[in-house]
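Student: Here's my sequence, what's the structure:
(one chain, ligands or ions: 2)
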Amino acid sequence: MMRFLSTRGQTQPLRFSEAVATGLAPDGGLYLPETLPDLSGELNRFEGLGYADLCFEFLRIFATDIEPGTLRAIVQKSYTKFSHPEIAPLKQLAPNLHVLELFHGPTLAFKDFALQLLGNLYEHQCAVRHESINVLGATSGDTGAAAIHGLLGKPGTAIFILYPNGRVSPLQERQMACTGASNVFALAVDGTFDDAQSALKEIFGDQRFRTGHRLSAVNSINLARVLAQCVYYLHAWLKLPAGDRGNVEFVVPTGNFGNVLAGWLLQQMGVPIRGFKVATNQNDILYRLFTTGEYRLGDVHPSLAPSMDIQVASNFERFLYFSLGRDATRLREVMQTFKTTGVYRFENFDRGTFSASRCTDAEIPGIIARVHRDYGYVADPHTACAFKEHNPDRVSIVLSTASPAKFPETIRKAIKVEPTHPTLEALKSVPIVKHELPATPAAIRAFIDAHAV
Ligand SMILES: Cc1ncc(COP(=O)(O)O)c(C=O)c1O
Ligand SMILES: N[C@@H](CCOP(=O)(O)O)C(=O)O
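Tutor: Ligands and ions are numbered 1, 2, ... in the order given. Have a look, this model is predicted:
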């Protein structure tokens with residue numbers, strides 16, 4: 001039976017379903033498998049599988065407490081709402097340059113890969129336990145919509161999504177605030193995504209409140225999010241010619257570090273991937289960390305790639321845990337120092353196979369125009385950050401994390417074409433229903449108290 005431990009080492013090991021239902025560990029840490037499986041000797045068995053079958057074969061290694069037939073049905077259902085037959089098509093743009101399109105799900109961003117699945121896992125949980133759940137998430141733009149659409153129409157659930165008021169794109173806001181569903185609460189908070197995420201973590205840390213409301217997490221603090229995201233890296237790796245696989249670098253637009261961490265975990269499980277480039281926007285704490293070894297909080301500046309307007313990257317803690325030799329005591333010290341001083345300087349920081357790039361707002365439109373001119377490809381502003389530089393001697397897979405149709409103004413300014421998508425067009429005539437709140441745990445708790453199921 002696979003068990004899961006907290007990075008902070010002060011909780012009991014849990015089974016998969018328990019760790020998923022708990023979200024954030026009671027000691028404030030993030031769950032990880034007790035031991036990572038070694039897949040290096042069995043990669044052949046994944047060859048040729050369709051996306052949903054690959055996902056099932058991968059997840060069953062971890063979800064050992066869910067009966068395989070049930071897990072297979074949950075996984076199959078989770079990839080039925082994607083509009084592309086390959087789910088995550090890998091497109092070649094140049095001899096050593098590919099793009100992995102992760103935006104063909106219902107909300108047009110990579111978050112759908114894990115949140116369609118998590119919605120179905122939660123539905124299963126409600127049925128097995130005969131309980132309702134309240135889901136709480138924080139979003140800088142895309143997680144919120146994907147979480148809402150993963151749970152929409154599922155009985156016994158209410159969903160509360162915190163987002164920074166005025167700092168997500170107009171269409172991202174509409175995806176959250178125009179559902180018309182009575183159990184969906186779009187909470188526009190006063191502050192940044194970091195403020196919202198910090199309030200959320202404090203609320204999850206309040207065990208009485210969390211258990212009293214059967215609160216569940218949809219952010220990438222939830223282990224299921226990260227494991228489901230591993231699958232598209234494996235899928236892309238398997239699509240490459242055998243000779244290119246060991247030489248591939250994934251270039252990943254990065255904010256909360258959940259996406260790139262999933263690829264990195266897969267590498268730690270023995271899949272021979274050359275490395276990862278962390279591509280940040282102008283909110284560049286991770287770029288500075290990977291280039292200098294200093295993790296220093298800065299101010300968040302709203303950007304053309306708003307979903308990456310983040311400073312405190314949640315999943316960095318999971319990487320740190322491994323990089324400190326799984327020493328939970330040391331990890332707690334580092335996290336505490338960072339929390340109280342806003343800075344941690346690592347001596348001899350081992351960045352492993354990570355490299356980093358940074359892209360300012362002044363650069364994004366030019367990159368969109370260049371990628372369009374050179375490859376006939378329209379990259380959204382987040383994906384554009386990952387196209388900043390390309391080493392033609394190395395096989396690169398750029399992760400295309402959102403549809404350009406979610407950010408039409410930036411695209412129009414860059415290439416004079418305004419991308420559209422029917423589901424987004426349909427939202428434009430629907431009234432917005434949102435609730436404005438301060439980003440304080442007290443205000444958010446009070447709202448949940450009043451509206452929880
Ligand atoms: C479109 C898009 N690209 C990239 C990112 C960054 O991903 P992560 O937060 O997993 O690093 C996000 C937000 O998560 C996003 O919504
Ligand atoms: N960019 C994200 C921020 C939250 O990230 P998550 O992966 O932890 O859910 C968003 O779009 O909300």
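Student: Every contact and neighbour count from this point should use C-alpha atoms.
Tutor: OK.
Student: Tell me where the stretch 251-400 of the chain has strands.
Tutor: Applying DSSP state E, counting those that start in this stretch to the stretch 251-400 of the chain gives strands spanning 275-280, 294-296, 343-345, 354-358, 395-400.
Student: quick check, Leu136 in a strand?
Tutor: Yes: checked against DSSP: H, G, I helix; E, B strand; the rest coil, Leu136 lies within a strand.
Student: what sits opposite it in the beta ladder?
Tutor: Counting by DSSP bridges, Leu136 is bridged to Phe160, Ala217.
Student: shouldn't it be in contact with Arg210?
Tutor: No: the criterion here is Cα atoms under 8 Å, and Leu136 misses it with Arg210 at 10.0 Å.
Student: Neighbour count: the two, which is higher?
Tutor: Leu136 (23 against 16; other Cα atoms under 10 Å).
Student: who's in contact with that one?
Tutor: Ile159, Phe160, Ile161, Leu162, Leu200, Leu215, Ser216, Ala217, Val218 (Cα atoms under 8 Å, 6 or more residues apart in numbering).
Student: if we can go back for a sec, shared neighbours of Leu136 and Arg210, anything?
Tutor: Common neighbours of Leu136 and Arg210 (Cα under 8 Å, 6+ apart) are Ser216.
Student: Low-confidence bits of the stretch 151-300 of the chain, can you list those?
Tutor: For the stretch 151-300 of the chain, no stretch has pLDDT under 70.
Student: Please repeat the previous calculation with a cut-off of 90.
Tutor: 153, 155 (pLDDT under 90).
Student: Same question for the stretch 351-453 of the chain.
Tutor: Counting by pLDDT under 90, the stretch 351-453 of the chain has low-confidence residues at 390-393.
Student: Would you mind listing the buried residues in stretch 126-136?
Tutor: The neighbour-count check on stretch 126-136 (16 or more other Cα atoms under 10 Å) flags Cys126, Ser132, Ile133, Asn134, Val135, Leu136 as buried.
Student: Would you confirm that the first one belongs to a helix?
Tutor: Yes: per three-state DSSP, Cys126 lies within a helix segment.
Student: about what we covered before: the strands of the stretch 251-400 of the chain into TSV, with extra columns for mean neighbour count and distance to Val75?
Tutor: Below are the strands of the stretch 251-400 of the chain laid out as TSV (neighbours: other Cα atoms under 10 Å; distance: least, Cα to Cα, whole Å):
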stretch	mean neighbour count	distance to Val75
strand 275-280	25	27
strand 294-296	19	37
strand 343-345	16	40
strand 354-358	20	31
strand 395-400	26	22
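Student: Tell me which of those lies nearest to Gly180.
Tutor: Nearest to Gly180 among the strands of the stretch 251-400 of the chain is strand 395-400 (29.4 Å), distances taken as Cα to Cα.
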